[in-house]
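[1] need coordinates for the below:
(one chain, ligands or ions: 2)
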Amino acid sequence: MDLSKLNKILKGEPPYRQQQVNQAVFIDLVTDWDEVKTLPQKLRKVLQDNCPLEINADIFHSQDKKTSKALITLEDGNKIETVLMQHEGERHTVCVSSQVGCSLACTFCATGRLGLKRNLTADEIVEQVLLWNRVLKQLGAKDRVTNVVYMGMGEPFLNYTAVLKSIRLLNDKQGFNIGARKISVSTSGIAPKIKKFAEEKMQINLALSLHAPNDELRSKLMPINTHFPLSEVMKAVDFYIEKTNRKVMCEYLMIAEVNDSLEQAEELAKLLQGKLVMVNLIAYNPTNAYRPAKSKNIKAFKDYLTKQGLEVSQRFTFGQDIKAACGQLALEN
Ligand code: SAH
Ligand code: SF4
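    Ligands and ions are numbered 1, 2, ... in the order given. Next up is the predicted model:
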């Protein structure tokens, strides 16, 4: 799929054409311009030749059918992945990639091992949601994608402009109309961009990948911490909370014998005390040398934080059988 020439093509057309195109592509979910009978045949032909609608994707469904993963091959041959999590009758959440690979090389992350190939365009980010809406339509689901999380491959805040543009597109009333409150961006802690994000005056959710309660361990797991140490990241988070009054989700992977001790829970509670945050403990999906924490350790860790007055939730691994963890599939391919 490539809509980059669309604006240029529609420039010589009456203004309502844009609306007809939006309706066809984002709401009717057509996969062939020839189906769009509201457009003159000549224009359909031009669009057919210049704006392919086909998305080249391999799709994998987990056994319970609740999680699906797609490996999309982009126009230039690069591959990205995106995940759909269906909660029937409730919500359909899509996890999107923001870059091909990632430059930040976190030691626990499969995407980190790919290095960075390039940034995605806003269209390529939106295309991932479009793909899942087409799949949902095909499956006969009555709902479409309701929530979007930027937690796939890449660091969204190192592709800031395209990410913000993609959010505005997802937000568009004439398109998917996904509310800002239903969109979450996860960052490894690019402090200046957290501050910039705070000034956007949109109700988008912010998630911070914390994973360690002190600089020593965090720098080992996430090399970006040497550029933006915890003190700076937490200052940016404070600024974000002050500006937006929105709760920040702190993601914490539970890795056995690395970050799952009670001493570390204590340190984490001190770090977050009194802040408008919640902690999301994530079951580690093994991609390399690390092992997931034992459930009794996760429970003790969680209980301690809760006792300290912190709000804690637990995210279980989903779609293990289709390797739905960040970056796993692309790495294999
Ligand atoms: N680069 C951004 C967003 C993409 S990563 C960030 O780091 O926040 C999205 C989330 O997936 C992060 O919280 C990351 O730590 C987590 N993740 C990475 N590898 C994982 C694994 N093997 N198992 C579970 N979660 C993982
Ligand atoms: Fe990049 Fe996020 Fe993976 Fe770290 S966890 S390597 S920032 S995608």
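
[2] distance of the closest residue to residue 278 other than its chain neighbours from residue 191?
    Of all residues not flanking residue 278 in the chain, residue 311 sits nearest, at 4.1 Å (CB to CB, 6 or more residues apart in numbering). C-betas here are computed from N, CA, C, even on glycine. Noted for residue 311: a distance of 23 Å to residue 191, by CB to CB, to the nearest Å.

[3] more neighbours: which of these two?
    Higher neighbour count among residue 311 and residue 191: residue 191, with 21 against 14, using other CB atoms under 10 Å.

[4] look up how far residue 11 lies from the more buried one.
    In terms of CB to CB, residue 191 sits 40 Å off from residue 11.

[5] what about the strands in the stretch 51-200 of the chain?
    All strands of the stretch 51-200 of the chain, identified by DSSP state E, counting those that start in this stretch, fall at 56-61, 67-73, 79-87, 91-95, 99-101, 116-119, 147-150, 183-187.

[6] closest to ligand 1 out of the ones you listed?
    Checking the strands of the stretch 51-200 of the chain against ligand 1 by CB to the nearest ligand atom gives strand 183-187 as the closest, at 3.7 Å.

[7] ok and that closest one relative to strand 91-95, angle-wise?
    30 degrees (axes from the mean of the first three to the mean of the last three CA atoms, to 10 degrees).

[8] who are the packing partners of strand 183-187?
    strand 147-150, helix 160-171, helix 191-198, strand 205-209 (3 or more CB pairs under 8 Å, 6 or more residues apart in numbering; DSSP states H and E).

[9] what's the angle between that strand and helix 191-198?
    170 degrees.

[10] list the contacts of strand 183-187.
    Applying CB atoms under 8 Å, 6 or more residues apart in numbering, the external contacts of strand 183-187 come out as 147-151, 155-157, 163, 167, 170-171, 193-194, 197, 204-209, 249, 251.

[11] is ligand 1 within reach of that strand?
    Yes. Judged by CB under 6 Å from any ligand atom, strand 183-187 and ligand 1 are in contact via 186-187.

[12] do stretch 204-213 as well
    Yes. Among the residues of stretch 204-213, residue 209 lie within reach of ligand 1 under CB under 6 Å from any ligand atom.

[13] can you check the distance spanned by that stretch, start to finish?
    Terminal residues of stretch 204-213 lie 25 Å apart, using CA to CA, to the nearest Å.

[14] got the contact list for it?
    Contacts to stretch 204-213, defined as CB under 8 Å, 6+ apart, come from residues 106, 108, 149, 151, 167, 180-181, 183-189, 194, 197, 218, 220-222, 225, 233, 237, 240, 246, 248-253, 255, 259, 264, 267-268, 270-271, 280.

[15] and those, which are buried?
    Neighbour-count burial within the contacts of stretch 204-213 applies to 106, 108, 149, 151, 167, 180, 183-189, 194, 197, 218, 221-222, 225, 233, 237, 240, 248-253, 255, 259, 264, 267-268, 271, 280; the criterion is 16 or more other CB atoms under 10 Å.

[16] quick check, central residue of the protein?
    Closest to where the C-alpha atoms of the chain average out (CA atoms, centre = their mean) is residue 150, at 1.7 Å.

[17] look at that residue and report its pLDDT.
    Looking at residue 150, its pLDDT stands at 96.

[18] and for residue 257?
    pLDDT, residue 257: 97.
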